[in-house]
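Asker: Predicted coordinates and the sequence they were generated for:
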2 protein chains.
Amino acid sequence: MTRRPTISQVAELAGVSKATVSKAFNNRGGVSEQTRIRVLGVAAGLGWRPSARAVALTSGGSGAVGFVINRPPTLLSSDPYFAELLSGIERTLAEHGYWLLMQIAEHSTPAQERDAYVSLAQTQRIDGVFLAESRIMDQRFDIVAELDLPAVIVSRPWARTDIPWEGAAHPGGGVADAVAHLAGLGHRRLAYVAGPPDRSHVQFRTQAFLEAVAENGLSVVGISRTDFSAEEGHRATGDLLGQREAPTAILYDSDPMAIAGCRAAMARGMRVPEDLSVIGHDDIHLSRWTTPALTTIRQDVQGLGERCAARLLELLGVLVAPGVALPEPELVIRESTGPAR
Amino acid sequence: MTRRPTISQVAELAGVSKATVSKAFNNRGGVSEQTRIRVLGVAAGLGWRPSARAVALTSGGSGAVGFVINRPPTLLSSDPYFAELLSGIERTLAEHGYWLLMQIAEHSTPAQERDAYVSLAQTQRIDGVFLAESRIMDQRFDIVAELDLPAVIVSRPWARTDIPWEGAAHPGGGVADAVAHLAGLGHRRLAYVAGPPDRSHVQFRTQAFLEAVAENGLSVVGISRTDFSAEEGHRATGDLLGQREAPTAILYDSDPMAIAGCRAAMARGMRVPEDLSVIGHDDIHLSRWTTPALTTIRQDVQGLGERCAARLLELLGVLVAPGVALPEPELVIRESTGPAR
């Protein structure tokens, strides 16, 4: 077993002080070119390099950014949105040699959530953070300002803030297209299986849904609140279809809910789309492989992750090639929507 | 905007040297109890705490472990296995206040993969690593030994190694049950849509498949090699069903491949399970919500992540409550398997 080489060994072998080794690596002057080359040569020979902490102290960067996801850890597997977002974030970070320091834990109190950020900032593990799933009243905006922590909000926030954000300009855009698509197919009675009402994106979409329904002269026969999970999508669909005035088409705030919704309809002997039209949200990877393949509102979630990571690295002074603009949400018509009975 | 407090400010306000502040926090002696209390009080007042790096140097732990996933970042969203694994890892790490430092990047050469671990170890960002998807010949086993880096292998490795691993004792166990289930339903011609042949778990399963087929006196009419993706599962299924001697049942190495396989069969006018029986692997979250719901070999992937994290923390000297034993892979019979035509 080899031991990690130390700065003292480098200093001793190069015949200089530890401070000189440090200066040689930081290229800060005060060291002759000859000495610098000797130090770098000895370090390379030993396989020594400055620790992340030391680099952070001198260059102002630790090479890592943080992501605290305030949800139960099971979320990552039940809602593929987060996996897609992480894919995009990781792609851009890896390109620039950055690491992602992550914690997924449900904070039961605002104080617990606050502690996670304070701990991240004060232990100086990371240079900046992502803020995902922004809320209508979001204490995190104040926390990062107070901690002087560079941050990027994932998706457009509901309230005005000085913190930069990346995402579609019109987060409810695809919802209007979805409602117009259903109106064109002759549907009159719609229902909406929505996510938690305290999320900014759920508010944007709910607003867009109600406006589009009014514009097209349709009726809303139900709005269900869920946690985005397939389980709750299944339950909500059963409830809506059991109503006296049942919908002929249902919009869902996530694809797993829409897939489970199809199953709930079929369990009642209904066919999709002949008896019920179903529209999901996000266009997760599996949506095109189920039967029926899902009509859904596509978001470029991986692209969103890439843009957010690029924006955060820019805030940290990293040179990032300009990315292409993020596409607005877009309705993808597949097999789960059809003419109203 | 508040600035992060520094150790110098703490030292100045407490009227001691920076070294004394450090000693007071490390509880290493050489500081009177009175001084220690004064230093801790000043630090608390300023909101200062030792940096992760400093804690790592003195306590031997950085509070973070590393996970390098050598796959394209899109993998995280296309194969829910990794999201489930991360869920479990994060759950146990968060319980013990540990962070996960992650990088997902496809290393095109062995040297690139090596560099990722060397960089992780030498910059002392982390205390240990997870090694997922172990390979038949796995250079990472040598790398972590050479770097003296505590490591836990995720799932049973193919070759003998001194590195601890967590996972099912019989990684191919469920495959034998699946083949017996199909034999009992009267199937005689089976095919297997497998993952990359250099993975340990793919080898265990392929071996189990071939043994079980021989034991039950069945024929193998095809083994396809894929990257686990739905796309390749779809393509492989089309190829197998287009053969002169087509299978009446297909086993898949992942659930997304099995779901896409059902779609490929239906696209040829076949019904599942009436014309083709389909069995997946892993039991991802969506497998019970598709139609037909998937018969699949359940692995407790989240539990596997939890066990691996607990084992790694134990290696680092963290006191971890003993977990329950990981269940062996188990066939879950749903709707995608039925009697042979």
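Answerer: The structure has been received and is ready for your questions.

Asker: shouldn't residue A:125 be in contact with residue A:65?
Answerer: No - taking contacts as C-beta atoms under 8 Å, residue A:125 lies outside contact range of residue A:65: 9.7 Å. Using the backbone N, CA and C atoms, a C-beta is placed for each residue, glycine as well.

Asker: Neighbour count: these two, which is higher?
Answerer: It is residue A:65, of residue A:125 and residue A:65, that has more neighbours when counted by other C-beta atoms under 10 Å in any protein chain shown, with 29 against 26.

Asker: If we ignore the residues flanking it in sequence, what's nearest that one?
Answerer: residue A:128 (4.9 Å; C-beta to C-beta, 6 or more residues apart in numbering or on different chains).

Asker: pLDDT-wise, which helix or strand of chain A ranks last?
Answerer: In chain A, no helix or strand scores lower on mean pLDDT, DSSP states H and E than helix A:52-59, which sits at a mean of 44.

Asker: Next secondary structure after that one?
Answerer: Sequence-wise, the next helix or strand downstream of helix A:52-59 (DSSP states H and E) is strand A:64-69.

Asker: what's that next one packed up against?
Answerer: helix A:80-95, strand A:99-104, helix A:110-122, strand A:129-131, helix A:301-315 (3 or more C-beta pairs under 8 Å, 6 or more residues apart in numbering or on different chains; DSSP states H and E).

Asker: How about the next helix or strand after that strand and chain B, touching?
Answerer: As assigned by DSSP H and E, the chain's next helix or strand after strand A:64-69 is helix A:75-78. Yes - against chain B, helix A:75-78 shows contacts by C-beta under 8 Å from any C-beta of the partner chain at A:75-78.

Asker: again with stretch A:256-265
Answerer: Yes - using C-beta under 8 Å from any C-beta, stretch A:256-265 comes into contact with chain B via A:256, A:259-260, A:262-263.

Asker: Could I get the average pLDDT for that stretch?
Answerer: Across stretch A:256-265, pLDDT averages out at 97.

Asker: Could you check how far that stretch is from the centre of its chain?
Answerer: Here stretch A:256-265 is found 23 Å from its chain centre; the criterion is C-alpha atoms, centre = their mean, to the nearest Å.

Asker: In contact with residue A:227, which residues?
Answerer: Contact partners of residue A:227, counting by C-beta atoms under 8 Å, 6 or more residues apart in numbering or on different chains, are A:195-196.

Asker: Read off the pLDDT value for it.
Answerer: pLDDT, residue A:227: 88.

Asker: And for the one 5 residues further on?
Answerer: Per-residue confidence for residue A:232 comes out at a pLDDT of 95.

Asker: nearest spatial neighbour of residue A:278, skipping sequence neighbours?
Answerer: Nearest one to residue A:278, counting by C-beta to C-beta, 6+ apart, is residue A:336 at 4.3 Å.

Asker: element containing the one you found?
Answerer: Per DSSP H and E: residue A:336 is located in neither a helix nor a strand.

Asker: For it, the count of nearby residues, please.
Answerer: 27.

Asker: Residue A:233 now?
Answerer: 30.

Asker: Verify the contact between it and residue A:226 for me.
Answerer: Yes - counting by C-beta under 8 Å, residue A:226 is a contact partner of residue A:233 at 6.2 Å.

Asker: any shared contact partners between these two?
Answerer: Residues touching both residue A:233 and residue A:226 by C-beta under 8 Å, 6+ apart: A:193, A:257.

Asker: what ranges do the helices span in the stretch 201-341 of chain A?
Answerer: With DSSP state H, counting those that start in this stretch as the criterion, the stretch 201-341 of chain A has helices at A:230-241, A:255-267, A:301-315.

Asker: and these as JSON lines, adding distance to residue B:241?
Answerer: Putting the helices of the stretch 201-341 of chain A into JSON lines (distance: least, C-beta to C-beta, whole Å) gives the following:
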{"stretch": "helix A:230-241", "distance to residue B:241": "29"}
{"stretch": "helix A:255-267", "distance to residue B:241": "24"}
{"stretch": "helix A:301-315", "distance to residue B:241": "32"}
